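**Q** Here is a sequence together with a model predicted from it:
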Amino acid sequence: MFCAAGGKDIRMHQDKRSRQALIQEIIRAHAVETQEELSELLASRGMPTTQATISRDIKELGLLKVPYEDRHRYALPDYSALAGSRDRLTRLLREVLVSYVVSENLVVVKTLPAGANVVSEAIDGLDWPEVAGTLAGENTVLVVARSTQDAPVLAQRLEDLR
């Protein structure tokens, strides 16, 4: 049975993912200086949107304004540089970590909205021997430990960083 409301939610989520992927593609290919310019580029690629939506997407994607020639442009955050620094990871976790729970060989980490990808990349970049891998959503990171004995060790590592 098809639920109209549920179907709408799925389509909206897919539209958001498609739009944000397109924004990332545009930011990589063009020196975008303003939200208006980004809006025009999205519309030219068949994805018109409002300024409020663009503003929300910029925040969720963590786009930065960086110097470019004598102006500033949007850029994607450099997660790899973030992942390599324990001090940066510590600051990040203090800012975005909400909670974590250990279950068998998994550690489920809750973050503020749009914080999961950054936390996941950072954990991956630390190369902790107990981590088999991570998977990030919007505000949740699933950290897969190599064993059930490693999961509490990972939880302690997260606690030590807080």
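**A** Received, thanks.

**Q** From now on I want contacts and neighbour counts done on CA atoms only, so please keep to that.
**A** Will do.

**Q** Phi and psi next, for Thr49.
**A** The phi and psi values for Thr49, taken as degrees, to the nearest 10, are phi -150, psi 170.

**Q** tell me the average confidence for stretch 60-72?
**A** Per-residue pLDDT values over stretch 60-72 give a mean of 85.

**Q** okay, that stretch in PDB with CA atoms only?
**A** Listed in PDB are the C-alpha atoms of stretch 60-72, where the atom choice follows Å, rounded to 0.1, in the frame of the first residue of the first chain:
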ATOM      1  CA  GLU A  60      24.000  21.500   6.100                       C
ATOM      2  CA  LEU A  61      26.800  21.000   3.700                       C
ATOM      3  CA  GLY A  62      29.200  23.100   5.800                       C
ATOM      4  CA  LEU A  63      30.200  25.300   2.900                       C
ATOM      5  CA  LEU A  64      32.900  27.800   3.700                       C
ATOM      6  CA  LYS A  65      33.700  31.300   2.300                       C
ATOM      7  CA  VAL A  66      37.300  31.300   1.300                       C
ATOM      8  CA  PRO A  67      39.500  33.900  -0.300                       C
ATOM      9  CA  TYR A  68      39.500  33.800  -4.000                       C
ATOM     10  CA  GLU A  69      41.500  36.400  -6.000                       C
ATOM     11  CA  ASP A  70      40.400  39.700  -4.400                       C
ATOM     12  CA  ARG A  71      36.900  38.300  -3.400                       C
ATOM     13  CA  HIS A  72      35.500  35.300  -1.500                       C
END
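
**Q** Okay, domains of the chain per the record?
**A** Following automatic domain parsing, the chain resolves into domains at 4-75, 80-161.

**Q** Was I right to think Gln24 contacts Tyr74?
**A** No. Judged on Cα atoms under 8 Å, Gln24 makes no contact with Tyr74 at a distance of 9.9 Å.

**Q** how much space between Pro129 and Val107?
**A** The span separating Pro129 from Val107 equals 15 Å under the rule Cα to Cα, to the nearest Å.

**Q** ditto for Ile123
**A** Remark: distance between Ile123 and Val107 (Cα to Cα) = 12 Å.

**Q** Identify the contacts common to these two.
**A** Overlap of the contact sets of Ile123 and Val107 (by Cα atoms under 8 Å, 6 or more residues apart in numbering) is empty.
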